[in-house]
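**Student:** What would the 3D arrangement of this be:
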Amino acid sequence: MTVKCCAIIPSYNHTQSIGKISERLLELGLAVFIIDDGSDEPARSIIAAHHSPDKQVIVDRLSVNSGKGAAVIRGFDLARAAGFTHALQVDADGQHDLSEVERFIIAAREQPEAFVAGQPIFDTTLPRSRRISRSITHFWVGVETMTADPVDSMCGLRLYPLHRVTRIQEANRLGRRMNFDVEIFVRLIWDGGPVVLIPVRVIYPPDNFSNFNLFRDTLAISATHTRLVLTMLPAATALWRRRLRSARSSSHWSIMAERGALWGLKFLALCYRLAGRTGCMIAVIPVTLYFNLTNSSVRRSSREFLSRAFHAKGIDYQPGWFATFKHALAFARKTVDTFAAWLGGVSAQNVVAEDRSGLTALAQSGEGILLIVSHVGNIDISRALLDDALRARIKVLVHTANAEKFARVLRTFRPDAMSETIQVSDVDPGTMFVLRDAIECGDWIATAADRTPVRGDQRVSVVPFLGKPAPFPQGPYILAHLLECPVYLMFCIEEDGRYRLYFEKFADRIDLPRRSREQALSQWAERFARRLEVYCLIDPFQWYNFFDFWQVPTSNSVSDDLH
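**Tutor:** Numbering: from 1, shown residues only. Alright, predicted model coming up:
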């Protein structure tokens, strides 16, 4: 499918930001449909003045205020009539960070069937009343879509595939006011196509006003949730079947369902607060037992790794059910210890550095580095116990979908915890600019090198690991090449009741010659795999990649546009 995107801006008396929003969208090559939802004067005239067909800005007006949903639906009609395949909805109040719009468009081009939705990252300007109302809606959307993961269905920055929207419109009468965003979100999930979530920063400016009518819109949203719940059985059955098929076929770590949902992490944090580390560990034992019993793919992956690891140590060991439970319990203990470290329950004396003088000297030098870590041991506990100045310099690249739940819970107990993170699904030019600037300022960029890329099976090298070829990401070495900085490895392994921090130089620089780039990338990946073997064999039960690590992708490509 050829993707042709436009933008729809519904507006009711919002005029302050609409010009800047339109200009930014035009810069991205999007035609703009501004739908005036029956605004009063002088807003009506101000909005009408933006009409400029020559510049691909069309202003259309509803004669009376009919609601946000009605305005967006009118935009859909205009977009379809003009031959567009996709429509980006943008709220007119200027709350959303439009620097992320390009990622929405890229996602639509890569997956034309996908509904691309913004997942807001709020700052302190979010009013408490809005936070509460959103939480209630998140709960009901979770019920309607059968997921415990919090998904924001009210974000006004989203990109629709119009052919899917048309199918939904023909089968249902959608809400016409503020309930529209919620209902179309749920029905697009029910429709069965892919959903892509992109983090978006959201602010509430001091002079901002809301068109949300507390009584009318709350009643409409409540009625919508009631209707969705009462009619969800056929959709829920189909959704459940699709998820079962997906769970059986999906093997990439990023799309395997994270069993530890947000409520579970909150329960864990509460247990720690009430009962300390020991009480918390007692509480997680039955939870860990349940998840281990009900997840055969995790048990299978655990057995394969443990078998290979102990064989590499020269030990004839055939792991059974108890070994996989012990492995899962080790991960639970790691999570508890991480909470404890951030909340002051673990002393810095519990972490012993193998080369503390070298670590101190590098920190004092002010040099920026790329720090390669892994999912072996507990690297988070070492970061939690670093001094404030050094911890502030470490910027961690994280996969948003899997890391944000943990960070969100932790920040409710300690606001500065895990604040220095850069949430990415891929390193785009904008992210590279941020990373280069960080390195020049002497920061340490931390990235994991033991999980294949989030966006498909691209950019991997297949190298030996524990006696069998395994795919390793090329991203860390491409990143090191582009950043032109020293590269270090860091591992933190629990040994004899204490955590031992290992810190070693990996390379002064990583150079990737254009003519032999693939070979060079494989050599660096193999070198890391050898070091990873050394550390994971210290205690195989501290390996926390619970998926088929050795599954080799069917295709593999390397970007040739990196210099």
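
**Student:** Please enumerate the strands of the stretch 301-450 of the chain.
**Tutor:** 351-353, 369-373, 394-399, 421-424, 444-448 (DSSP state E, counting those that start in this stretch).

**Student:** of all the ones you listed, which has the lowest average per-residue confidence?
**Tutor:** Among the strands of the stretch 301-450 of the chain, strand 421-424 carries the lowest mean pLDDT, a mean of 58.

**Student:** Run through who's touching the helix or strand encompassing V59.
**Tutor:** For V59, the enclosing helix or strand under DSSP states H and E is strand 57-61. For strand 57-61, contacts defined as CB atoms under 8 Å, 6 or more residues apart in numbering pick out 22, 26, 31-36, 38-39, 44, 47-48, 50-51, 74-75, 78. C-beta here means a position set from N, CA and C on the backbone, and glycine is covered the same way.

**Student:** Could you tell me which of those residues belong to helices?
**Tutor:** Among the contacts of strand 57-61, DSSP state H puts 22, 26, 44, 47-48, 74-75, 78 in helices.

**Student:** Residue ranges of each domain in the chain, please.
**Tutor:** By the record's domain assignment, the chain is partitioned as 5-246, 262-332, 349-542 (automatic domain parsing).

**Student:** and the contacts of strand 57-61, which are buried?
**Tutor:** 22, 26, 31-36, 38-39, 47, 50, 74-75, 78 (16 or more other CB atoms under 10 Å).

**Student:** Nearest to F541 among the residues you listed?
**Tutor:** G75 (55.1 Å; CB to CB).

**Student:** Contacts only, for that closest one.
**Tutor:** By CB under 8 Å, 6+ apart, G75 lies in contact with 8-10, 33, 35, 60, 87, 89.

**Student:** Ignoring the adjacent residues along the chain, who's closest to it?
**Tutor:** Once flanking residues are discounted, G75 sits nearest to I8: 3.3 Å by CB to CB, 6 or more residues apart in numbering.

**Student:** Distance to A341 for the domains of the chain - can I get that in JSON lines?
**Tutor:** What follows is the domains of the chain, written out as JSON lines (distance: least, CB to CB, whole Å):
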{"stretch": "domain 5-246", "distance to A341": "24"}
{"stretch": "domain 262-332", "distance to A341": "10"}
{"stretch": "domain 349-542", "distance to A341": "4"}
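
**Student:** Of those, which is nearest T338?
**Tutor:** For T338, the closest of the domains of the chain is domain 349-542, at 4.5 Å, according to CB to CB.

**Student:** rewinding a little: closest to A438 out of the contacts of G75?
**Tutor:** The shortest approach to A438 among these belongs to Q89, at 32.9 Å (CB to CB).

**Student:** so who does the closest one touch?
**Tutor:** Applying CB under 8 Å, 6+ apart to Q89 gives the contacts 7-8, 10, 72, 75, 156-160.

**Student:** Show me the two of the contacts of G75 that sit farthest apart.
**Tutor:** In the contacts of G75, two members sit farther apart than any others by CB to CB. They are D60 and Q89, at 14.7 Å.

**Student:** doesn't A114 make contact with G193?
**Tutor:** Yes: if you go by CB atoms under 8 Å, G193 and A114 touch, sitting 6.5 Å apart.

**Student:** Could you name every residue contacting both of the two?
**Tutor:** Common neighbours of G193 and A114 (CB under 8 Å, 6+ apart) are P161.

**Student:** Which one's more surrounded, the two?
**Tutor:** Using other CB atoms under 10 Å, the more surrounded residue of G193 and A114 is A114, with 21 against 16.

**Student:** Show the model's pLDDT score for the most far-flung residue of the chain relative to its centre.
**Tutor:** Centroid-distance maximum for the chain: E41 at 42.0 Å, with CA atoms, centre = their mean. pLDDT for E41: 94.

**Student:** Phi, psi for it please.
**Tutor:** phi -70, psi 150 (degrees, to the nearest 10).

**Student:** I'd guess W190 is in a strand, am I close?
**Tutor:** No: counting by DSSP: H, G, I helix; E, B strand; the rest coil, one finds W190 to be helix, located in no strand.

**Student:** What sits closest to it if chain neighbours are left out?
**Tutor:** The nearest residue in space to W190 (CB to CB, 6+ apart) is A235, at 3.9 Å.

**Student:** does the one you found really touch L188, like I thought?
**Tutor:** No: assessed by CB under 8 Å, A235 is found out of contact with L188, at 11.1 Å.

**Student:** all helices of the stretch 251-400 of the chain, in order?
**Tutor:** With helices called from DSSP state H, counting those that start in this stretch, the stretch 251-400 of the chain shows them at 262-294, 296-312, 321-342, 356-365, 379-384, 388-393, 400-413.
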